[in-house]
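Q: here you go, sequence then predicted model.
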Amino acid sequence: MIHISVRHSPIDIAAEMTRAEAAGAGAVATFTGLVRADDGVGTLELEHYPGATEAALLKVAEGAIERWGLSAAIIVHRVGPMQPGERIVFVAATAAHRGAALEACAYLIDRLKTDAPFWKRETRGAEASWVEARDGDHTAAARWDQPQS
Amino acid sequence: MATIRMVYFAWVRERIGTGEEMVEPPASVATVADLVDWLAETSAGHAEAFENRSRLRAAVDQEFVPLDTPIGRAQEIAIFPPVTGG
C-alpha cells in the first residue's frame, strides 16, 4: 500500500498511524519533521511543482517498497505557509520486522529531501529568504546508492 | 519550431517575474542548457535568474534531468534551484 499526500492542511499523525497499522505488519517506523524556530524564523513557506512532486514521492515510496518488501509506505508533506512547531513532513514504513521498517523509514526521508521538488522560504521579521540546499542532504541520500550488503 | 511551456520555481520564478511562459526557441537550441542561454538574452530578469548555471536544476516533461539533456519534443520544461524539502 502506498499513500502520498501533498497538502495545505495540518498533518494528522493519528490518522496516518491508523493507515500504517491497517497495512497489517509487525513493525511501523515513522519520521516527523517540524518547522524549526531557530534564528528567529517566523514563517516557513513551502513551494512545490504540482504533479511532478506527487510523481517524485511515488517513485521514492515504490523504491522503498521494492527494496525492503514493505507492506506500506506513507509520505505526507505540507505546502504553503507554516509556523514554527508545525509538522512539515511525515513518513512511515510498515514491514514484518523492525530492521526493514527502520531502514526504509530513513530511506524515505533521505530520498524525499533530494528527489522531490519542494522549496523552502523563511521569513524573519520583514525579511524573506530562500533556504539553500545542504550538501549533507546529498550525502545522506547517496548512502542508499551503495550496493546492498 | 514547437512551442514549449516554461515553468519556474522559487528564486528563479521571482527573478524572472513569472512562474510560467510559452516560448518558441530557434532550431539552434538543442539542449536545456542551450535553452537557458537563449532565455538569458530575453530579459534582465532571465539573465539574473540564470546567472549561475551551477545553481540551476531542470525537469523535462516533469522528469528531473541534467542541463545537457536534449530538448527533443518536450512540451514542458522547468528550471529551478536545488530542492529543499523535508
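A: Noted; the coordinates are in hand.
Q: ranges for the strands of the chain?
A: You didn't pick a chain, so chain A it is. A:2-7, A:27-34, A:43-48, A:72-78, A:80-82, A:87-95, A:118-124, A:127-130 (DSSP state E).
Q: I was thinking of chain B, sorry if that wasn't clear
A: B:4-8, B:20-23, B:57-60, B:63-65, B:76-80.
Q: show me what A:Val28 is bridged to.
A: On the basis of DSSP bridges, A:Val28 is bridged to A:Thr94.
Q: gap between it and chain B?
A: To chain B, A:Val28 is 20 Å away according to C-beta to the nearest C-beta, to the nearest Å. The C-beta positions use only the backbone N, C-alpha and C, and glycine is treated the same way.
Q: these two touch, right, that residue and A:Val91?
A: No - if you go by C-beta atoms under 8 Å, A:Val28 and A:Val91 don't touch, sitting 11.0 Å apart.
Q: more neighbours, these two?
A: Per other C-beta atoms under 10 Å in any protein chain shown, whichever of A:Val28 and A:Val91 has more neighbours is A:Val91, with 30 against 21.
Q: and the more buried one, what does it touch?
A: Taking C-beta atoms under 8 Å, 6 or more residues apart in numbering or on different chains, we find A:Val91 in contact with A:30-31, A:73-76, A:105, A:108-109, A:112.
Q: quick check: chain neighbours aside, which residue is closest to it?
A: Among residues not flanking A:Val91 along the chain, A:Leu108 sits closest, at 4.1 Å (C-beta to C-beta, 6 or more residues apart in numbering or on different chains).
Q: for residue 70, grab the count of nearby residues.
A: By default, I'm working from chain A. Here the count is done by other C-beta under 10 Å, and A:Leu70 has 27 residues near it.
Q: look at chain B instead
A: 12.
Q: against A:Tyr49, how distant is the closest residue to B:Gly19 other than its chain neighbours?
A: Excluding the flanking residues, the one nearest B:Gly19 by C-beta to C-beta, 6+ apart is B:Arg13, at 4.8 Å. Distance, B:Arg13 to A:Tyr49, by C-beta to C-beta, to the nearest Å: 11 Å.
Q: could you pull out the helices for chain B?
A: B:10-16, B:32-40, B:44-49 (DSSP state H).
Q: do the second one and chain A come into contact?
A: No - figure legend: helix B:32-40 not in contact with chain A (C-beta under 8 Å from any C-beta of the partner chain); closest approach 15.1 Å.
Q: any chance of the strands of chain B in TSV, with mean neighbour count too?
A: Formatted as TSV, those follow (neighbours: other C-beta atoms under 10 Å in any protein chain shown):
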stretch	mean neighbour count
strand B:4-8	19
strand B:20-23	12
strand B:57-60	21
strand B:63-65	17
strand B:76-80	22
